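**Student:** Sharing a sequence plus its predicted fold:
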Amino acid sequence: MPTTRPPKIKWTKASEKAPWKQFDEDLDIILETSIQGPVHRKLHTLTTLVYSVAKERFGIEEAKKRKEAPKPNRRQHRIENMRREIRQLKKQYRNSSTVQRLGLSQLRDTLRTQLKSLRRAENTRRKARERAQKRAAFTANPYKFAKTLLDMERSGTLETPLEEVKKYLYDTHSDVNREDAWDCDRIDPALPPEMQLVTTEPTLGEVKYVVKKARWGSAPGPNAIPYKVYKMCPLLLKSLWRFLKVV
């Protein structure tokens, strides 16, 4: 079951150095006296303490108020009234005489023509407004706008049994003859790597480099702690690096 994301912390501005420095120093003292146990428990305790101390010191952001639905304009009111009139004309048409039906039919066709014209004008206005909103969103933050276009959420439910999925993946990607030796003149022999894979522990400089390259506006993960905190708190980043070495 997915856990609910905690409320966002109302982090102080990056330009205000003193609160960040005090927060980092106080948190370092708390971590030294509170963190115990295996590394996975230490990491969990670290993120929990960072969030709880920040929540107490900086507070949480107020939930954004939902925007009220826009009220219909005059054209939309006229469209709704015309649709209502056309429905009433249909009822009158069914209960009218042959002579009356001719006039009702002409009146209905006139209303339909007017309704079609109003709808076309309303669709043109709506599309122009949407284009203006998208243009403004792209100008304000091109990265975020492109992400909304390309990173669409997937929907749907997988109803196939798990065993059937595993069997399909195994049959598709496995090869019973993979260990058999065979020669092909068109395939060049694999050369040994020029550089060996680095398997040493990450250095503090490497961790600082990754954090420095991260975007200030990156969304936080499930623990609600963004990169900004590690950018502004060198002592906290050093504690995190110690745990990463163990991992």
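**Tutor:** Looks like it arrived, so ask away.
**Student:** Follow the chain on from the least confident helix or strand in the chain by mean pLDDT and name the next helix or strand.
**Tutor:** Ranked by mean pLDDT, DSSP states H and E, the helix or strand of the chain with the weakest confidence is helix 142-150, at a mean of 85. Once helix 142-150 ends, the next helix or strand along the chain (criterion: DSSP states H and E) is helix 162-173.
**Student:** just checking, what packs against the helix or strand harbouring Leu104?
**Tutor:** Leu104 is located in helix 98-140, with elements delineated by DSSP H and E. Helix 98-140 sits against helix 74-94, helix 142-150, with contacts defined as 3 or more C-beta pairs under 8 Å, 6 or more residues apart in numbering; DSSP states H and E. C-beta: built from backbone N, CA, C; applies to glycine.
**Student:** Any idea which of those has the lowest pLDDT on average?
**Tutor:** Lowest mean pLDDT within the helices and strands packed on helix 98-140: helix 142-150, a mean of 85.
**Student:** Which pLDDT does the model give the residue of the chain most remote from its centre?
**Tutor:** Within the chain, the residue lying farthest from the chain centre (C-alpha atoms, centre = their mean) is Val99, at 61.7 Å. At Val99, the pLDDT value in this model is 83.
**Student:** And for Ala214?
**Tutor:** 90.
**Student:** Repeat that for Met1.
**Tutor:** So, for Met1, pLDDT stands at 40.
**Student:** Just want the angle from the least confident helix or strand of the chain to helix 98-140.
**Tutor:** 140 degrees (axes from the mean of the first three to the mean of the last three C-alpha atoms, to 10 degrees).
**Student:** on that earlier part again, and of the helices and strands packed on helix 98-140, who's closest to Arg215?
**Tutor:** Checking these against Arg215 by C-beta to C-beta gives helix 142-150 as the closest, at 8.1 Å.
**Student:** Give me the residue ranges of the chain where confidence is low.
**Tutor:** Residue ranges of the chain with pLDDT under 70: 1-3, 152-155.
**Student:** burial measure for the residue nearest to Arg83 when sequence neighbours are not counted, as a count.
**Tutor:** Leaving aside its chain neighbours, Arg83 sits nearest to Leu115 (6.9 Å; criterion: C-beta to C-beta, 6 or more residues apart in numbering). By the other C-beta atoms under 10 Å criterion, the neighbourhood of Leu115 contains 17 residues.
**Student:** check contacts around Leu115.
**Tutor:** Counting by C-beta atoms under 8 Å, 6 or more residues apart in numbering, Leu115 touches Ile79, Met82, Arg83, Ile86.
**Student:** Show me just the buried residues among the residues you listed.
**Tutor:** Buried subset of the contacts of Leu115 (neighbour count, 16 or more other C-beta atoms under 10 Å): Ile79, Met82.
**Student:** Looking at the contacts of Leu115, point me to the pair that's furthest apart.
**Tutor:** Farthest pair in these, by C-beta to C-beta: Ile79 and Ile86, 10.7 Å.
**Student:** Show me the domain layout of this protein.
**Tutor:** 17-60+202-246, 75-148 (automatic domain parsing).
**Student:** Can I get the helices and strands packed on helix 98-140 in CSV including distance to Arg108?
**Tutor:** Output for the helices and strands packed on helix 98-140, formatted as CSV (distance: least, C-beta to C-beta, whole Å):
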stretch, distance to Arg108
helix 74-94, 5
helix 142-150, 43
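**Student:** Out of those helices, which is closest to Gly37?
**Tutor:** The closest approach between Gly37 and any of these, judged by C-beta to C-beta, belongs to helix 142-150 at 37.9 Å.
**Student:** Now tell me what touches that closest one from outside.
**Tutor:** Lys134, Ala137, Phe138.
**Student:** now swap in stretch 50-60 and tell me
**Tutor:** 6-12, 19, 23, 26-27, 30, 223-225, 229, 236.
**Student:** buried set for it?
**Tutor:** For stretch 50-60, by 16+ other C-beta under 10 Å, it's Val50, Tyr51, Val53, Ala54, Lys55, Arg57.
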